[in-house]
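Visitor: Okay, structure incoming, though there's no sequence with it:
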């Protein structure tokens with residue numbers, strides 16, 4: 001099973017190479033090797049490109065593409081990375097985040113191979129410096145997630161079957177994740193939760209979402225309200241899970257060793 005790592009990149013206020021180096025050093029340590037990395041670069045210069053082409057620990061199976069569309073908004077860059085993925089599953093991994101340990105991809109592949117979920121989220125920890133960790137987080141889906149009540153975590157915890165991707169709404173930045181999670185839920189049902197830590201979420205204070213002004217957030221809230229305001233809190237009354245997903249589940253013996 002090929003897993004595609006979809007990684008949107010940009011300058012990160014001068015720390016892009018630092019974060020990317022840390023991220024890729026952990027990818028190079030993975031015990032599971034059947035993966036590709038797709039970089040989609042929003043940068044206006046060649047800093048990220050030059051770094052990728054100069055490093056020996058870059059995975060041999062990688063694709064680098066540019067994305068000039070929608071600079072300053074995460075969704076177009078992430079969609080561009082996903083568009084170039086070839087794997088059975090796509091694992092989103094932001095540049096400033098990183099896999100938790102050398103078995104993270106192996107654990108995700110095991111859950112994907114055994115249970116074949118359409119989409120899955122995993123537990124994670126937070127870090128400020130990339131070395132020390134705090135606040136373990138257990139993802140939970142809420143019926144009002146589209147309002148911004150995000151208990152699922154950032155997209156670095158997301159992995160999904162590529163053929164069922166819905167694409168992120170490119171008009172959204174702050175709320176791009178909750179909108180995507182909610183649409184995946186409406187289309188395919190509840191996410192499968194991996195009850196083990198697989199990645200670290202870096203909270204360094206100048207992430208793109210930390211710099212979005214309130215008026216932009218208000219505009220995004222208007223967009224999602226126009227999409228889902230009639231859903232209210234009564235989705236359980238009209239939501240119908242997709243029965244074909246159950247039919248696709250393999251027998252438990254498929255897990256093997």
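Guide: Happy to help now that I have it. The structure displayed is predicted, hence computed values, not measured ones. Residues are numbered from 1 along each chain as shown.
Visitor: ok, now which ones touch residue 41?
Guide: 9, 10, 48, 49, 64, 65, 66, 67, 77 (Cβ atoms under 8 Å, 6 or more residues apart in numbering). For every residue, glycine as well, the C-beta is placed using N, CA and C.
Visitor: Pull the most distant pair out of those.
Guide: Using Cβ to Cβ, the contacts of residue 41 span at most 14.3 Å, a distance reached by 49 and 77.
Visitor: These two: which is more packed in?
Guide: Comparing residue 49 with residue 77 by other Cβ atoms under 10 Å, the one with more neighbours is residue 77, at 30 against 15.
Visitor: Spell out, range by range, the strands that occur in this protein.
Guide: Secondary structure of the chain (DSSP state E): strands located at 3-9, 35-41, 62-66, 89-92, 98-99, 119-127, 134-137, 158-161, 192-202.
Visitor: For the longest one, which strands pair with it and how are they oriented?
Guide: Applying DSSP bridges, strand 192-202 is found paired with strand 98-99 (antiparallel), strand 119-127 (parallel).
Visitor: ranking those by burial, who's on top?
Guide: strand 98-99 (a mean of 23; mean count of other Cβ atoms under 10 Å).
Visitor: So what touches that strand?
Guide: 22, 23, 26, 27, 30, 93, 105, 130, 198, 199, 200, 202.
Visitor: what's the pLDDT at the fifth one?
Guide: As summarised for this prediction, residue 30 has a pLDDT of 96.
Visitor: again, but for the first one
Guide: Predicted confidence (pLDDT) at residue 22: the value is 93.
Visitor: same deal with the last one?
Guide: Per-residue confidence for residue 202 comes out at a pLDDT of 92.
Visitor: wait, isn't it in contact with residue 132?
Guide: No. Using Cβ atoms under 8 Å as the test, residue 202 is too far from residue 132 to be in contact (11.5 Å).
Visitor: Comparing these two, which residue is more hemmed in?
Guide: Shown here are residue 202 and residue 132; by other Cβ under 10 Å, residue 202 has more neighbours (24 against 9).
Visitor: so who does the more buried one touch?
Guide: 19, 96, 97, 98, 126, 127, 128, 130.
Visitor: any idea how far the residue lying closest to it once chain neighbours are set aside is from residue 16?
Guide: Leaving aside its chain neighbours, residue 202 sits nearest to residue 96 (4.5 Å; criterion: Cβ to Cβ, 6 or more residues apart in numbering). Applying Cβ to Cβ, to the nearest Å, the value for residue 96 to residue 16 is 9 Å.
Visitor: higher neighbour count, these two?
Guide: residue 96 (25 against 20).
Visitor: Tell me which of the strands of the chain lies nearest to residue 179.
Guide: strand 158-161 (12.8 Å).
Visitor: May I see the buried residues of the longest helix anywhere in the chain?
Guide: Longest helix in the chain by number of residues (criterion: DSSP state H): helix 214-228. If you call a residue buried by 16 or more other Cβ atoms under 10 Å, then helix 214-228 has these buried ones: 220, 221, 224, 228.
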